[in-house]
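**Student:** here's a sequence, model it:
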Amino acid sequence: MRNEPYTDIAPFYDSLLRHVDYQEWYEYIVSLMKRYIERPNYILELGCGTGRFGSKFSNDGYAVFGIDKSLDMLRVAKNRAFFNFRILCADMTNFHVAKKIDFIFSVHDTINYLLADADIRKMLCCARDAMHAASVFMFDVTTEHNIYKNFDGKTAKYQIQDSSVEWSNSYDPARKMVSSRITIERREKISVEEHVQRIYSVDEIKRLLSESGFSLLGIFGDYTFLPPGDDTVMINFVARRS
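**Tutor:** Reported below is the predicted structural model:
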């Protein structure tokens, strides 16, 4: 059975990413936010997934909203949506929030799932509408270097309780498209998810930000405050409404 991305994989997602230090990652996001915003109150995450960051912001007293278009991922996030953390099923290319948001962020290559310039523009338009003059939008994109080094032609296999997960990847450099096939076998039931992402260059993102009414505040590599280099895995962009 073939499913949409982040359906059957949702219950296993946190286990697959158990090597990720979410606390360190969160502390970086907060430090970046405070670098540009004096007193942030309202925070929005695009592509919140299972809610790991939303719960951390909430525990630190922020009002945080998370949107994701995968109901299955949000079912996991629901277990973390307490206090000031609210979740909403919505597409990041077509969303609206009632409040103006101080800080919007989207991480873990979520933006790479937008496969066309038009999709990026729609997402940026929605984000811009949710911002006031002093708001900041931070997001990352993964790099071609990361794909060649860690994904292209590689297959990873995981055993999680009574289920096996196989994750295989390939890259088409002419189209700048990464294809991932995730096969989940559980109790003799097999399901398959196919994920496709696009690799964007720094110049492409800068152009799309400018065309969408944003001013670039900074470009950083791998969750530091240093510029990206040839071996950067994730590039972070920070922007404000023009």
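
**Student:** contacts for the biggest helix by length in the chain?
**Tutor:** When the chain is scanned for its longest helix (criterion: DSSP state H), the result is helix 22-36. Under the criterion C-beta atoms under 8 Å, 6 or more residues apart in numbering, residues 40, 43, 52-53, 56-57, 60, 103, 105, 107, 136, 138, 217, 220, 223-225, 236, 238, 240 lie in contact with helix 22-36. Yep, even glycine has a C-beta here, placed from its N, CA and C like the rest.

**Student:** tell me where this structure has helices.
**Tutor:** Ranges of helices in the chain, per DSSP H, are 13-16, 22-36, 52-59, 71-77, 117-129, 144-150, 202-211.

**Student:** any chance of these in CSV, with distance to residue 167, mean neighbour count and mean pLDDT too?
**Tutor:** Converted to CSV, those look like this (distance: least, C-beta to C-beta, whole Å; neighbours: other C-beta atoms under 10 Å; pLDDT from 0 to 100):
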stretch, distance to residue 167, mean neighbour count, mean pLDDT
helix 13-16, 8, 15, 94
helix 22-36, 20, 15, 97
helix 52-59, 19, 22, 97
helix 71-77, 16, 19, 97
helix 117-129, 24, 18, 98
helix 144-150, 11, 16, 98
helix 202-211, 26, 15, 98
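
**Student:** for those helices, which one sits closest to residue 5?
**Tutor:** helix 71-77 (9.6 Å; C-beta to C-beta).

**Student:** chain center to that closest one: distance?
**Tutor:** Distance of helix 71-77 from the chain centroid (C-alpha atoms, centre = their mean, to the nearest Å) equals 15 Å.

**Student:** from the contact counts, what lies against that helix?
**Tutor:** Contact here means 3 or more C-beta pairs under 8 Å, 6 or more residues apart in numbering; DSSP states H and E; on that basis helix 71-77 packs against helix 13-16, strand 63-68, strand 85-89.

**Student:** name the stretch among the ones you listed that sits most buried.
**Tutor:** Among the helices and strands packed on helix 71-77, strand 63-68 has the highest mean neighbour count (mean count of other C-beta atoms under 10 Å), at a mean of 24.
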